[in-house]
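Visitor: Here is my input, please return the structure:
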Amino acid sequence: MSSLIDATLSAIVVGALWILILAPVDQIHATPMGAPIAACESMTPAHGYDAQNSASPFKTEIPTGETAYMDDPVHLELRSLPSGTYFKGFLIMAFNKDDTSATPKPIGSFKLIEGSDGQLMDCSGKVSTAVTHTNNVVKNLVRIDWQPPKYYMGTAIFRTTFVQDVSTFWVKTESISVTFVMPDGSTHDPMKAANV
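Guide: Numbering: from 1, shown residues only. Next up, the predicted model:
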């Protein structure tokens, strides 16, 4: 009887090893400590599952609204919409809304807020152009600051990938757009400054 149990256990162990050896790497490679640099372009987790097509229960909110003064930071809140819903991971970047190329480049730079989960990433060869999670603990609110490029007078949009669990995630959910304008009474000419 003992040899039958030993043989059965050996077969189970060998079968499990074959599954691990033959499984695609992207399906067994989890990133609980944040998105890898390889995710910068597609913003899609390599979890081996398709992104959700339904409306996301998470949102990138901009408390200050759709207008900001040139060079002023934008405060962002990644949050759950219904209470009791949590996300574990995220990846956020800012883009020029008018950049309709197939692979738009992120703009500006992020700054972390003390007490909020997040780590800076350098996407597209630019410093601090993305933020991702540092752990897979459940969250319902993450606060981040974003600094636009110097003298930026365009319209920015924030795209966030939210991960609820390994098989449930929403890719590139969009915030409201934020248009940068000259401060009231300003005599600064950003075109002259850009040509200096």
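
Visitor: show me where this structure has strands.
Guide: Ranges of strands within the chain are 58-61, 67-69, 74-80, 89-96, 109-112, 119-121, 130-132, 141-147, 155-165, 168-174, 178-181, based on DSSP state E.

Visitor: most packed of those strands?
Guide: The highest average neighbour count among these, using mean count of other C-beta atoms under 10 Å, belongs to strand 130-132 at a mean of 27. To be clear about C-beta, it is placed using only N, CA and C from the backbone, and glycine gets the same treatment.

Visitor: Including mean pLDDT, could the strands of the chain go into a markdown table?
Guide: What follows is the strands of the chain, written out as a markdown table (pLDDT from 0 to 100):
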| stretch | mean pLDDT |
| --- | --- |
| strand 58-61 | 98 |
| strand 67-69 | 97 |
| strand 74-80 | 97 |
| strand 89-96 | 98 |
| strand 109-112 | 98 |
| strand 119-121 | 98 |
| strand 130-132 | 98 |
| strand 141-147 | 98 |
| strand 155-165 | 97 |
| strand 168-174 | 98 |
| strand 178-181 | 97 |
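
Visitor: So which of those is nearest Thr103?
Guide: Nearest to Thr103, of all the strands of the chain, is strand 89-96, at 10.5 Å by C-beta to C-beta.

Visitor: ok, and the closest non-adjacent residue to Cys83?
Guide: Small correction: residue 83 is Ser, not Cys. Spatial nearest neighbour of Ser83, excluding adjacent residues (C-beta to C-beta, 6 or more residues apart in numbering): Asn140 at 7.9 Å.
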